[in-house]
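Novice: next one to model:
(2 chains)
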Amino acid sequence: MTKLVGVKENLLFDYACRLGDDSLILGQRLSEWCGHAPMLEVDLSLANVGLDLIGQATHFLALAGEAEGKGRDADALAFRRDVLDFRNCLLVEQPNGDFAQTIARQFLFSNWQELLFRELGTSTNLAIAAIAQKAVKEVAYHARLANEWMVRLGDGTAESHARLASGLDWMWRFSDELFEVDAAIEPLIASGVACDIRKLRPEWDGIVARVLRDATLDLPKPRRATVGGRSGHHSEHLGHLLTEMQFLQRAYPDAKW
Amino acid sequence: MVVAARTASSFKDRVLEILSYVPDPEIPCVSVVDLGIVRDVRDDAVIITPTYTGCPATLAIEADIRAVLDKAGLSALKIETVLTPPWSTDWISAEGREKLRAYGIAPPLRTAPQCPRCGSAHTEELSRFGSTPCKSLHRCLDCREPFDRFKCH
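Specialist: Below you'll find the predicted structure:
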């Protein structure tokens, strides 16, 4: 269906999986808050952000299935792959922790994803461009929500400030991976399918610095980046997440209702 | 040619008329046509677009449209989903906006929301997300009634 622009199909499959898996895994993580959030407003917010992300994942993984050409649809890719085949970044699979840690993760991710989708809106792959153009409006909302909560918690009580600083400190080590470019992406950048995410780092750094300033938080100390998600080397947390997310399709293959 | 064109147009009108009775599953006061979910009707297909990427009603909407088309003897008409240009609340018809207001949901306005009960623009936001992805929760500071607002998107 989707016309490829001078790239091998397996590269497009891999790239679409990266985009889709980021959204899928974070969407699943956020859904864990449903019914448990500290207040109704937050419960609704996190559930709705999770829904948007799972919607993105459905589109990207459907595209991946088409690019692969082996008849796998979005559900097959979401529910029938094992942990080594997931291509999401490590940030999204990190446990929710407390509400502050969840917000720190969302803050780093949504501001990154908004810039990414803004650029992918002009991808030479029309399917990627269409998904990005649609989703970027929603992601802008996610980023605004996360940024506001960063300030509310950081500039809140001593307790909320300490918890947010601690959550941010944990999540920060996974931020370098967001801007990683490897051999699987280089040809896609050259053909205009993928965007060169490295070029967006200064803008993202600026947003992060501005929000942290408003939140009276210090920028976490630089530390050695933890990477590997894009090549399937995940933390132990992803396996546990998948056992829950994939339980039904594993226990009752092809179940439909 | 002229006759063919008129026939095509009346076919489209007929299909749109049929679809104007398909309610949105989450906000049944408005139809899928009012909301701008039905984007076009061709001779061989109905073109629809999702409102929000993750709207859980998307599959239900497609199934509802399918059922109504089949009942009208239009089983040959396919349903095609397109993402571009992205759906926006600007596509909600004037009639749809009035139906929302009458139902108690403030229609999307670029300006401050107006209370759907007393019309006051003196309101506050209670929650940025409401009972569905497309709505936020507000309260009127004059009549004190809480209300849903269809977010500008």
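
Novice: OK, contacts around residue A:177?
Specialist: Contacts for residue A:177 (C-beta atoms under 8 Å, 6 or more residues apart in numbering or on different chains) come out as A:89-91, A:225-230. In short, each C-beta sits where N, CA and C put it, glycine included.

Novice: which residue is the nearest non-sequential neighbour of it?
Specialist: Closest residue in space to residue A:177, ignoring its immediate chain neighbours: residue A:227 at 4.4 Å, by C-beta to C-beta, 6 or more residues apart in numbering or on different chains.

Novice: next one: residue A:79
Specialist: Of all residues not flanking residue A:79 in the chain, residue A:249 sits nearest, at 3.8 Å (C-beta to C-beta, 6+ apart).

Novice: buried ones in the one helix or strand residue A:50 maps to?
Specialist: Assigned by DSSP states H and E, residue A:50 belongs to helix A:40-68. Buried residues in helix A:40-68, defined by neighbour count with 16 or more other C-beta atoms under 10 Å in any protein chain shown: A:41-68.

Novice: check the secondary structure at whichever residue of chain B sits closest to chain A for me.
Specialist: Distance from chain A to each residue of chain B (C-beta to the nearest C-beta) is smallest for residue B:54, at 2.8 Å. At residue B:54 the chain is in coil, as set by DSSP: H, G, I helix; E, B strand; the rest coil.

Novice: now the strands for chain B?
Specialist: Ranges of strands in chain B, per DSSP state E, are B:38-41, B:45-48, B:78-81, B:105-106, B:123-127, B:135-140, B:146-150.

Novice: quick one on the thing from earlier: doesn't residue B:133 make contact with the residue of chain B closest to chain A?
Specialist: Yes. Taking contacts as C-beta atoms under 8 Å, residue B:54 lies within contact range of residue B:133: 6.6 Å.

Novice: overlap in contacts of those two?
Specialist: Common contacts of residue B:54 and residue B:133 (C-beta under 8 Å, 6+ apart): A:48, A:51-52.

Novice: what's the closest of these to residue B:116?
Specialist: For the shared contacts of residue B:54 and residue B:133, the closest approach to residue B:116 (C-beta to C-beta) belongs to residue A:48, at 21.5 Å.

Novice: need the contact list for the closest residue to that closest one other than its chain neighbours.
Specialist: Here the nearest residue to residue A:48 in space, its sequence neighbours aside, is residue B:129; by C-beta to C-beta, 6+ apart that works out to 4.5 Å. Listed by C-beta under 8 Å, 6+ apart, the contact set of residue B:129 reads A:41, A:44-45, A:47-48, B:135-137.

Novice: can you tell me how far residue B:129 is from residue A:145?
Specialist: 8 Å (C-beta to C-beta, to the nearest Å).

Novice: common neighbours of these two, please.
Specialist: residue A:45.

Novice: now the most centrally placed residue in chain B. Its backbone dihedrals?
Specialist: Geometric centre of chain B, nearest residue: residue B:35, 1.7 Å, by C-alpha atoms, centre = their mean. Dihedral pair for residue B:35: phi -80, psi -10, per degrees, to the nearest 10.

Novice: isn't residue B:120 right up against residue B:141?
Specialist: Yes. In this structure, residue B:120 is within contact of residue B:141 by C-beta under 8 Å, at 7.3 Å.

Novice: okay, those two: which has more neighbours?
Specialist: Shown here are residue B:120 and residue B:141; by other C-beta atoms under 10 Å in any protein chain shown, residue B:120 has more neighbours (15 against 12).

Novice: list the contacts for that one?
Specialist: Residues in contact with residue B:120 (C-beta under 8 Å, 6+ apart) are B:114, B:140-143.

Novice: try it again at 6 Å.
Specialist: By C-beta atoms under 6 Å, 6 or more residues apart in numbering or on different chains, the contact list for residue B:120 reads B:140, B:142.

Novice: okay, it and residue B:143: tell me how far apart.
Specialist: For residue B:120, the distance to residue B:143 equals 7 Å [C-beta to C-beta].
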